[in-house]
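S.K.: Sequence plus the predicted model coming up.
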Amino acid sequence: MEAGGFTAPGGRRSALQRPSGARLPDIILQWGVTLLSAAILVLIAYFFLKLIQESTTVFDRFGVLGFTFDNDWDVARSVFGALPLVVGTLITSAIALLIGVPVAVATALYITELCPRRFRSPLTIVVELLAAVPSVVYGLWAFIVIIPFLKPAEQWFADTFSFIPFVGGQVAGPNYFIAGLVLAIMILPIVSAITREVMSTVPPDHKEAALALGATRWEMIRTAILPYSRAGISGAAMLGLGRAIGETIAVTIVIGNAPNIGHSIFSQGYTLAAVIANEFGEAASNPLHRSALIAAGLVLFVLTLLVNLIARFYVVRAERGPRTPRMIAPGMGQ
Amino acid sequence: MTQEPETEMTDGSPTTGTGGTEPERPDHAATDSPARAVSASTAVRSAAAADSNARRVNLEGLSAFYGDAPAVRNVELEFPPNEVTAIIGPSGCGKSTLVRCINRMHEEIPGAHAEGRVLLDGEDLYASGVDVVAVRRAVGMVFQKPNPFPTMSIFDNVAAGPRLAGIRGGSLRDRVERTLRGAGLWEEVKDRLEEPGIGLSGGQQQRLCIARTLAVEPEVILMDEPCSALDPVATLKIEELIADLRTRYTIVIVTHNMQQAGRVADSTAFMLSGEMVEHGPTDKIFTNPDDERTEDYVSGKFG
Amino acid sequence: MNGTPGSVLPPVAPRRRRTDRIMRLVLGSATVLAIVPLVLVIFYLLQKGLGSWSINFFTTDPSGKFFGDPGGVKSAILGTIEMVALATLIAVPIGIGVAIYLVEYGKRGRFAQVVRYFVDVMTGVPSIVFGLFIYITLVLAGTGGTAFAGWKGSAALALLMLPIVTRAGEVVLSLVPDSLREAALALGAPRWRVVFRIVLPTALPGLITGMLLAVARAAGETAPLIFTATIVKGTSLDLNGPMNSLPAQIFSDVGQAQDRLVARAWGAALTLVLMILMLTTLARVVSRRSRLI
């Protein structure tokens, strides 16, 4: 039937009819890939529901809000209030954004606007290489090298600026700050890459218009590039946030895994992701504990979904470009 | 400043509104002779001189390159103050490049550089130690496609330049109003200064860009095919504006439209393949040029 | 020179030039700052990791002993290779299949948009959540007779790789010009042949690139494996039992306050990073050969 690859026109009978058997592969392909795609949807939905199902044990015991917002995570007493985890997640992510986003945007600006042409490609590759290092290696490196190295500086900072809330006190080795710092390094490549893309869509017209008005390079960036890229940068930052929230291994190595809300950024802490990785072994025999960890995963999942939704909103806004022009009423002057 | 009957649109007063029909104006028919422009300029120039910023620009041995490839070769040209000089020529002859050398925008393109001298009232803009930022404030530019800053309101667009120079508050508002009037846009936008600049029609946007350029109080205005993206009615308004601006600035306009050159320019220069072939009073260039190539171009044999 | 009285040009406030210079410095420094961690990581990896490398390192299994000879990382390397290979075998055909659906059949239809959305959602899911998914459904249920198993680790990794492969696949397949498809159809070829003989081969370099990037990503992941294949216990190569992997091995060794174990961790980390670098470089090389991008 299909020797040589194409359906040869049939024999003496109707040359236009395809033997019905020949349609089969087409049908198989179409239905096959369609069903495959549907299966993926079903799979995700199934996983989500299973997550909820396994969490009900701990939710029944403490209530959904109780679990999420009670400030008491004590394995020994079988009490599971996840507030220290949620707060820890937020603190480390906030630090990651505060450090990572400005550096990423600055890097993107430098690469697209200021650096000599021939360095653009190598610099881009180097920044992207940051993403090639696996989480566990960052964790190892930060634990062995960075924590001891930064401890004196952190202590000095905590002592000098102890009047600022959440800064003073004894500096722990592993702490929120180090975790936030490592997260900042890890989100840098993606925030920088998206920002770079957004900035490269700024129409050259506007950059030229600013320069022609007698603006310095920086003033041109301030006038023509940054305002135009606002939505895109926000989207990039949100995506970075999503990444930071879910990052597990590097964080659990350097945060100290203490189920309390630390009193300063230099205290030990815990995050939703870290608790799952860390306490998994001992939870094997305790169904309530296990359910608590799974519930933590559920909260984490929902959180990342929300953040990515917001991120997508911003990125779509950015693609549409800044303020679409109003329609002018007919008859308005030229 | 004396008002010419031909240029009665300064405040935009009789020309706003009804779908673009222009009130009848005596000497301003569509196909004008350049003679009108020349006589108008001589009549007005003496009256305007005291009031104007205009400076003389001289190009001496100006060449411009993209990498190693020359786009402009050894051009000598003068742009007298309070006059409009048009630069015409076929696509790719280097006229845009030439003009972008005057405000040193050419060198913004990676690999591009220029040689020679550009004198502003005798001072070489390419001398070492000259700050390009200052050059661009003195020599303003209006681009082919209207490009108001999309994230800014009408007011902010015009104010962008002065703000960079540190002008604030009352004097800033005064300057914005003054330049919008000077661009013939004030009456049309005075009630909606906070609205986005890109919400205006094409012709209005271009006049906004002209206002933006005027707001930094330049001495020379370069226009790179300012009307090529506009419809005929908008074009007419811009040409009227140019005639009015001439009294206060030195204007250089690049155009591929020979009729436009005939309408607005006192002098015209013809470029071909990067070289300045001929320049002189517009009238002469179009009716009795010296060079055969000029004659061929203006009579439409090529281009 | 400017702004001096007598100059034709208007004065430019020195403050503006200063700000410009300062901001250029700030932006340049920030870029250097961004690169510093990378340089430091590479430096320490080489300094401490190379020291651990030895024949022994690559040919012996971790002994599980706290004191004495810790052994090498052989089972970890082999475990990573096995599990990632299996994950690739699962994720790539499925991922490309979904991409084919999206580009060739679904296009802009409602269902296709939903699928695209879900795949997009999947890219944002933290890897530990994928591990949890597999844990709840396969491990707890004891599927296959064992609790923890290498193949379950592969399943978790496959979930991770799937959206990457699908996304890259969709991009590359839609880059294949419609004119090619139409030419083939006009010659009387059935749809499935157009896909397999024309579209896929044209997109192949891009597909390979996407696959390599997904593999590089999966090779470095620890979290999905912790409670599916678990850590370190196994020195076996049986996918149906607990299995070791490089990331898990490193994770386990870091926490121990024993110098030799930490040294082994550095050696393992260097090995892992080199593997990933090779994969990403290969991906870059392949993508350059693509006729579509």
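M.R.: Arrived safely.
S.K.: Look up how far chain C lies from residue B:106.
M.R.: From residue B:106 over to chain C the distance is 18 Å, taken as CB to the nearest CB, to the nearest Å. Just so you know, the C-beta spots here come from the backbone N, C-alpha and C atoms, and that holds for glycine as well.
S.K.: scratch that, residue A:127
M.R.: As judged by CB to the nearest CB, residue A:127 and chain C stand 6 Å apart.
S.K.: count of neighbours near that residue?
M.R.: Burial of residue A:127 is recorded as 22 neighbouring residues (other CB atoms under 10 Å in any protein chain shown).
S.K.: so what's it up against?
M.R.: Listed by CB atoms under 8 Å, 6 or more residues apart in numbering or on different chains, the contact set of residue A:127 reads A:107, A:111, A:188, A:189, A:192, A:193, C:34, C:35.
S.K.: what ranges of the chain fall below the confidence cut-off?
M.R.: If you meant another chain, say so; for now it's chain A. For chain A, the stretches with pLDDT under 70 are A:1-21, A:320-334.
S.K.: was after chain C, sorry
M.R.: For chain C, applying pLDDT under 70 flags the ranges C:1-6, C:65-68, C:230-236, C:291-293.
S.K.: quick revisit: how about TSV for the contacts of residue A:127, with neighbour count, distance to chain B and secondary structure added?
M.R.: Formatted as TSV, the contacts of residue A:127 follow (neighbours: other CB atoms under 10 Å in any protein chain shown; distance: CB to the nearest CB, whole Å; DSSP: H, G, I helix; E, B strand; the rest coil):
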residue	neighbour count	distance to chain B	secondary structure
A:107	30	20	helix
A:111	23	14	helix
A:188	27	26	helix
A:189	25	26	helix
A:192	30	22	helix
A:193	19	22	helix
C:34	26	23	helix
C:35	16	23	helix
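S.K.: The nearest residue to residue B:295 once chain neighbours are set aside in helix, strand or coil?
M.R.: Excluding its sequence neighbours, the residue lying closest to residue B:295 (CB to CB, 6 or more residues apart in numbering or on different chains) is residue B:289, at 5.0 Å. Secondary structure assignment for residue B:289 (DSSP: H, G, I helix; E, B strand; the rest coil): coil.
S.K.: Residue B:289: neighbour count?
M.R.: Count around residue B:289 with other CB under 10 Å applied: 20.
S.K.: Against residue A:108, how distant is it?
M.R.: As judged by CB to CB, to the nearest Å, residue B:289 and residue A:108 stand 53 Å apart.
S.K.: mind listing what the residue in the stretch 51-200 of chain A positioned nearest to chain B touches?
M.R.: Distances between the stretch 51-200 of chain A and chain B by CB to the nearest CB are smallest at residue A:117, namely 5.5 Å. Shown in contact with residue A:117 (CB under 8 Å, 6+ apart): residue B:110.
S.K.: all strands of the stretch 201-303 of chain B, in order?
M.R.: Secondary structure of the stretch 201-303 of chain B (DSSP state E, counting those that start in this stretch): strands located at B:220-224, B:250-254, B:267-272, B:275-281.
S.K.: Format these as CSV; extra columns: distance to residue B:183, mean pLDDT and mean neighbour count.
M.R.: Compiled in CSV, the strands of the stretch 201-303 of chain B are given as follows (distance: least, CB to CB, whole Å; pLDDT from 0 to 100; neighbours: other CB atoms under 10 Å in any protein chain shown):
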stretch, distance to residue B:183, mean pLDDT, mean neighbour count
strand B:220-224, 11, 94, 25
strand B:250-254, 13, 95, 26
strand B:267-272, 24, 94, 26
strand B:275-281, 28, 93, 19
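S.K.: Point me to the residue sitting closest to the centre of the chain.
M.R.: Picking chain A for this. residue A:243 (2.2 Å; CA atoms, centre = their mean).
S.K.: hm, I was asking about chain C
M.R.: Nearest to the geometric centre of chain C sits residue C:217, at 1.3 Å (CA atoms, centre = their mean).
S.K.: surely that residue meets residue C:165?
M.R.: No - in terms of CB atoms under 8 Å, residue C:217 does not count as a neighbour of residue C:165; the distance is 10.3 Å.
S.K.: What segments of the stretch 101-250 of chain B are helices?
M.R.: B:132-138, B:154-164, B:169-182, B:186-189, B:202-214, B:232-245 (DSSP state H, counting those that start in this stretch).
S.K.: re earlier: the contacts of residue A:127: which two are farthest apart?
M.R.: By the measure CB to CB, A:193 and C:35 form the most distant pair in those, at 14.8 Å.
S.K.: Now do the helices in the stretch 201-334 of chain A.
M.R.: Under DSSP H, counting those that start in this stretch, the stretch 201-334 of chain A gives helices at A:204-212, A:217-220, A:226-246, A:249-254, A:272-283, A:287-320.
S.K.: Dump those to CSV, plus distance to residue C:25.
M.R.: CSV is the format used below for the helices of the stretch 201-334 of chain A (distance: least, CB to CB, whole Å):
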stretch, distance to residue C:25
helix A:204-212, 20
helix A:217-220, 10
helix A:226-246, 18
helix A:249-254, 31
helix A:272-283, 37
helix A:287-320, 28
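S.K.: Could you look over those helices and pick the most buried one?
M.R.: Highest mean neighbour count among these (mean count of other CB atoms under 10 Å in any protein chain shown): helix A:249-254, with a mean of 31.
S.K.: Distance check, residue A:221 against residue C:19.
M.R.: As judged by CB to CB, residue A:221 and residue C:19 stand 11 Å apart.
S.K.: for residue A:51, that is, sorry about that
M.R.: Here the criterion is CB to CB. By it, residue A:51 lies 52 Å from residue C:19.
S.K.: For residue B:268, list each beta-bridge partner.
M.R.: Applying DSSP bridges to residue B:268 gives these bridge partners: residue B:86, residue B:280.
S.K.: Confirm for me that it is in contact with residue B:294.
M.R.: No - using CB under 8 Å, residue B:268 is not in contact with residue B:294, being 9.4 Å away.
S.K.: Give the residues shared as contacts by these two.
M.R.: Common neighbours of residue B:268 and residue B:294 (CB under 8 Å, 6+ apart) are residue B:285.
S.K.: could you pull out the helices for the stretch 1-150 of chain C?
M.R.: Using DSSP H, counting those that start in this stretch, the helices of the stretch 1-150 of chain C run over residues C:14-44, C:50-52, C:55-59, C:74-100, C:110-123, C:127-134, C:150-175.
S.K.: how far does the second one sit from the chain's center?
M.R.: To tie it back to what came earlier, the one meant is helix C:50-52. 25 Å (CA atoms, centre = their mean, to the nearest Å).
S.K.: again with the fourth one
M.R.: In this view, helix C:74-100 has its centroid 11 Å away from the chain centroid, taken as CA atoms, centre = their mean.
S.K.: how big is the angle separating it from helix C:110-123?
M.R.: Calculated by axes from the mean of the first three to the mean of the last three CA atoms, to 10 degrees, helix C:74-100 forms an angle of 160 degrees with helix C:110-123.
S.K.: Which neighbours do residue C:217 and residue C:165 have in common?
M.R.: What both residue C:217 and residue C:165 touch, as defined by CB under 8 Å, 6+ apart, is an empty set.
S.K.: Return the member of the contacts of residue A:127 nearest to residue C:237.
M.R.: Of the contacts of residue A:127, the one sitting nearest to residue C:237 (CB to CB) turns out to be residue A:189, at 34.3 Å.
S.K.: Please give me every residue in contact with that closest one.
M.R.: Residue A:189 makes contacts with A:127, A:128, A:129, A:130, A:131, as judged by CB under 8 Å, 6+ apart.
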